[in-house]
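Engineer: pasting the sequence and the predicted coordinates here, then a few questions.
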Amino acid sequence: MESLEETLKGLSIARRSHPEEPTYLLHVALQPSGLLAVSCSNLTIHLHNEESLNLVGEYRGHKGPLCGLTFAHNSSDLLYSGSADGTVQAWDVRCPGTDAVQMFKSDPSHCYCSFDLNCSDMLLCAGTEQVNDEDSFLVFWDSRKPGSRLLGVYSESHSDDITQVCFHPRDKDRLASGSTDGLVNVFDLSRGAEEEALLVTCNSDSSAGSVRWSGAGYTQLLCLSHDEGLHLWDVGQLDTEEPLTIFSTSDVRSLTPLPDGVGVDYLVGGQWLEEAQKLLVVGGKNSGDLHMMECDSKGLHLLRSLEGGHTSTVRCFLWSAAGEALVTGGEDAQLLLWKPGGKQLATGKRESMKSESTVKLKSRPHKKHGFKKEKKST
């Protein structure tokens, strides 16, 4: 089997897809059996075939900007989506175009800006925007009981928008959360009450945007901030005297991992590659070029640059180890599949596509979206 570096060297565009309606592509999730789910800024969710990128279905059910997608781990025909409309909804991907089969809500004042499902598929958690200029909440449901009351709420650990909730890939009770208050918290939910469950708080000294579990055994946390900071912590060191910080920079743009001593303009995200035992961080240039980098205790190291694909900011990516493929989506409304030796079917770049619905969004996917609920008439 080729090394990751050798695989990445051979990547080129194999497929290129774009929706008929101009829209930003915000999040992407992969079903093990070969479906790609993509959330769009026009509030729709698209289903694509992983190999051909052909559109095979669409869902329209949310009334506010989407904040994420995830497939269930054990019942992967269920796709979950969260939204600022105050709902987390589940869709049966065997029946494209149908209504959601499950819906989860909390207080009517709650707008969600993050959510996740734990590895046992039993527990859902959503993070809210700040409410009443002082409170933000982590809300929990039993995913097996749609429409049931909340299992519980954590309200003391964050003071601003909770931009990320991320369950541990193997420990059903371990949860990380990040917020625009700069704090990244790790909880052990088996301990019950919030004060007892909070294990550690890490400070990003900025507005935390993306939080991901990484490292061997998933004992590390990667945090990417809204102003392009990067922090890698080892939360497996909590019971030792060793420092938690593995690597930290307040602005990745000041680093020069690229040829000719230049850096990236922004960070797309990070993903721990279990098979390769490497932390992949993807950054981009405003021109649309992408740069795949490894992150470790010494910083960022360029693995491969990808040029000639996107024409503007890339919003999402995922690496499929099984398919040895990279999927990327962005503000140019393009969904690209990169594979070793790939030969794209449609040639030529597409122009960046803007629409009335997309220009209202922030230029970054994880910033406040300002969605307001409609007041119910009495």
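Structural biologist: That came through, no problem. Numbers count the residues shown, from 1 in each chain.
Engineer: and E195, what element?
Structural biologist: Here E195 sits within helix 194-197, counting by DSSP states H and E.
Engineer: show me what counts as buried in that helix.
Structural biologist: 194, 197 (16 or more other C-beta atoms under 10 Å). For every residue, glycine as well, the C-beta is placed using N, CA and C.
Engineer: same for it, what does it pack against?
Structural biologist: If you count contacts as 3 or more C-beta pairs under 8 Å, 6 or more residues apart in numbering; DSSP states H and E, helix 194-197 packs onto strand 183-188.
Engineer: which outside residues touch the strand it packs on?
Structural biologist: Contact with strand 183-188 is made by 154, 157-158, 173-178, 194, 197-204, 208, 211, 221, 223, 231, 233, 235, as judged by C-beta atoms under 8 Å, 6 or more residues apart in numbering.
Engineer: about what we covered before: state the mean pLDDT of the helix holding E195.
Structural biologist: Mean per-residue pLDDT for helix 194-197: 97.
Engineer: for it, output the C-alpha coordinates as PDB.
Structural biologist: What follows is helix 194-197 as a C-alpha-only set of coordinates in PDB (Å, rounded to 0.1, in the frame of the first residue of the first chain):
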ATOM      1  CA  GLU A 194     -22.100  20.100  34.300                       C
ATOM      2  CA  GLU A 195     -19.600  21.100  37.000                       C
ATOM      3  CA  GLU A 196     -18.600  17.500  37.600                       C
ATOM      4  CA  ALA A 197     -18.500  16.600  33.900                       C
END
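Engineer: any buried residues in stretch 137-149, and which?
Structural biologist: Going by neighbour count (16+ other C-beta under 10 Å), the buried part of stretch 137-149 is 137-141, 143, 146.
Engineer: narrow these to those in strands?
Structural biologist: 138-141 (DSSP state E).
Engineer: mind listing what Y59 touches?
Structural biologist: The contact partners of Y59, by C-beta under 8 Å, 6+ apart, come to 44-45, 47, 81, 91, 96-98, 100.
Engineer: picking that back up, A29: which of the ones in strands among the buried residues of stretch 137-149 is nearest?
Structural biologist: Nearest to A29 among these, counting by C-beta to C-beta, is W141 at 19.4 Å.
Engineer: and that closest one, what does it touch?
Structural biologist: In this structure, W141 makes contact with 88, 104, 123-124, 148, 150-151, judged by C-beta under 8 Å, 6+ apart.
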